[in-house]
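Chemist: Please find the sequence and the predicted model below.
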Amino acid sequence: MEKQIDPRIIRTRKLIMDAFIELSTKKDFKDITIKDITTNATINRATFYSHFIDKFDLLDKVLSESIMKEVIQEVSKHELINEETIQAIFLSIIKFQISLRNQCHRSYEAFTTQIETIFKQELQVFFAEIGKNQWSNQNIDVEASAVMLSWALYGAAMHWLQNQNTQPEDYVKQVVHFIKNGLKADKDTVS
């Protein structure tokens with residue numbers, strides 16, 4: 001039988017995370033203190049430390065458990081790695097990044113390293129799980145493919161965010177088209 005977590009623990013954890021998210025909209029991450037978080041969450045320091053090691057641990061948990069939930073839900077809707085999946089994931093990364101940047105504009109830069117790490121890890125797990133089934137009969141290194149796809153998608157999304165020369169839908173279609181046809185064309189010209 002699975003042990004249930006006390007609802008009070010879940011509520012307190014959410015209270016701390018929500019307080020942190022609210023503070024992130026008002027202050028730079030470097031300026032947010034544990035006292036700020038505990039005051040905003042109406043808890044004491046001991047309660048904070050029973051849930052999180054420090055504010056960096058809290059940041060990591062907020063990003064992976066709370067804020068990225070929508071992206072992870074979008075990713076998990078797909079059962080195959082195909083053009084539609086790649087496009088949907090790309091667009092959901094863009095949507096998440098824009099939302100976070102607008103919501104936490106003062107602390108956004110401080111979050112980017114953790115966001116990148118979490119995205120790459122989550123996408124890598126997703127692509128590896130799907131790839132094991134989808135590519136089981138082919139001679140493909142699933143782990144390496146999962147790493148390449150996750151890093152490439154995240155990198156392409158960040159490139160689009162920094163440049164925004166086209167609509168994100170058009171950008172990702174060009175990338176997918178190149179992957180499908182560009183490499184094949186290069187192979188044909190070498191032969």
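Modeler: Thanks, I have the structure now. Just so you know, these numbers come straight off a predicted model, no measurement behind them.

Chemist: What helix or strand is residue 80 located in?
Modeler: Under DSSP states H and E, no helix or strand contains residue 80.

Chemist: should've said residue 121
Modeler: helix 108-134.

Chemist: List the buried residues for that helix?
Modeler: 108, 110-111, 114-115, 118-120, 122-124, 126-128, 130-131, 134 (16 or more other C-beta atoms under 10 Å). Backbone N, C-alpha and C define where each C-beta goes, glycine included.

Chemist: Which SSE is immediately downstream of that helix?
Modeler: Counting by DSSP H and E, what follows helix 108-134 is helix 142-163.

Chemist: Does anything pack onto that next one? Which helices or strands?
Modeler: Here helix 142-163 touches helix 83-103, helix 108-134, helix 168-177, going by 3 or more C-beta pairs under 8 Å, 6 or more residues apart in numbering; DSSP states H and E.

Chemist: Compare these and give me the one nearest residue 46.
Modeler: Of all the helices and strands packed on helix 142-163, it is helix 108-134 that lies closest to residue 46, at 25.4 Å by C-beta to C-beta.

Chemist: report the angle between the axes of that closest one and helix 142-163?
Modeler: 140 degrees (axes from the mean of the first three to the mean of the last three C-alpha atoms, to 10 degrees).

Chemist: same for helix 108-134, what does it pack against?
Modeler: Right, helix 108-134 is packed against helix 55-61, helix 69-76, helix 83-103, helix 142-163 by 3+ C-beta pairs under 8 Å, 6+ apart.

Chemist: weakest of those helices in terms of mean pLDDT?
Modeler: Sorting the helices and strands packed on helix 108-134 by mean pLDDT places helix 69-76 lowest, at a mean of 74.

Chemist: who's in contact with it?
Modeler: 88-89, 92-93, 95-96, 119, 122-123, 126 (C-beta atoms under 8 Å, 6 or more residues apart in numbering).

Chemist: So which bits of it are buried?
Modeler: Quick answer for helix 69-76 (16+ other C-beta under 10 Å): 71-72, 74-75.

Chemist: domain parsing for this structure?
Modeler: Using automatic domain parsing, the domains assigned to the chain come out as 7-62, 68-190.

Chemist: Give me the local confidence score for residue 191.
Modeler: For residue 191, the predicted pLDDT is 47.

Chemist: Quick check: nearest residue in space to the most centrally placed residue in the chain, chain neighbours excluded?
Modeler: The residue lying closest to the centre of the chain (C-alpha atoms, centre = their mean) is residue 119, at 3.3 Å. Spatial nearest neighbour of residue 119, excluding adjacent residues (C-beta to C-beta, 6 or more residues apart in numbering): residue 154 at 5.0 Å.

Chemist: thinking again about what came up before, out of the helices and strands packed on helix 142-163, flag the one nearest residue 53.
Modeler: Closest among these, once you apply C-beta to C-beta, is helix 108-134, at 14.1 Å.

Chemist: So for that closest one, mean pLDDT?
Modeler: 85.
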